[in-house]
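S.K.: What follows is a predicted protein model with its sequence.
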Amino acid sequence: MNLIELFLVFLKIGAVSFGGGYAMIPFFETEMVSHNWVSLTDYVKVIAIAQVVPGPFAVDSSSYIGFRVAGIIGAIIATTALCIPSFTAAVIITKFYTQFKKNKYVNALLVGVRPAVLGLLISAAYIIGVKPLYQGTHTFLSLTMLKALVVIVLGYLVLNQKKVKVGTFTFIAATAIVGILLF
């Protein structure tokens, strides 16, 4: 394992990922599995662990995978490499905010990125909840995610049919009750 390779992989993930940590899941999965740093089954577990640990998903995942690959130094390198592109972009945008704010090309770029982010989020849901089912790696997490997806979709369809307006707190409470009863 080459630390430079670890750095470059996480730098690439940080540079091409728009839309936050969940949008990075497809990039993480592709790179981690192709480099044999984790299996698909283990990657689904990494996602679960990153959800439990406080902090941003992408940082938690990169730290964990970096640690698994090369120990403490690997965790530091992976996390740093992942954060460099967004930190650099934030510094540049802050410096030139007034010029970027009204630039039609920048606004067009941001509008154009939205569908790509949506696609990445859908891909992340597929990687977590559906893909393990087809690859014979039926994990408890993937089966639970699939059941949760079915419950959410059916609940949405029922509520949409009856034109019911549901507040955020009510929705969270209802899904918690369904989760307790079904899972």
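M.R.: That came in fine, so what should we check first?
S.K.: Longest helix in the chain, please.
M.R.: helix 57-95 (DSSP state H).
S.K.: Next up, the contacts around the residue most central in space within the chain.
M.R.: Nearest to the geometric centre of the chain sits Tyr22, at 1.8 Å (C-alpha atoms, centre = their mean). Shown in contact with Tyr22 (C-beta atoms under 8 Å, 6 or more residues apart in numbering): 57, 120-121, 124. Any C-beta I mention is one placed from the backbone N, CA and C, and that applies to glycine too.
S.K.: Find me the pLDDT at it, would you?
M.R.: Tyr22 carries a pLDDT value of 74.
S.K.: Give the burial count for Thr98, as a bare number.
M.R.: Neighbourhood size, Thr98 [other C-beta atoms under 10 Å]: 8.
S.K.: ok, now the one 5 residues further on?
M.R.: Using other C-beta under 10 Å, Asn103 is surrounded by 12 other residues.
S.K.: mind pulling up the phi and psi values for it?
M.R.: Main-chain dihedrals, Asn103, degrees, to the nearest 10: phi -80, psi 120.
S.K.: Tell me the pLDDT of it.
M.R.: For Asn103, pLDDT reads 83.
S.K.: State the distance from it to Val111.
M.R.: Distance, Asn103 to Val111, using C-beta to C-beta, to the nearest Å: 12 Å.
S.K.: just to revisit the earlier point, distance of the residue nearest to the centre of the chain relative to Gly167?
M.R.: 24 Å.
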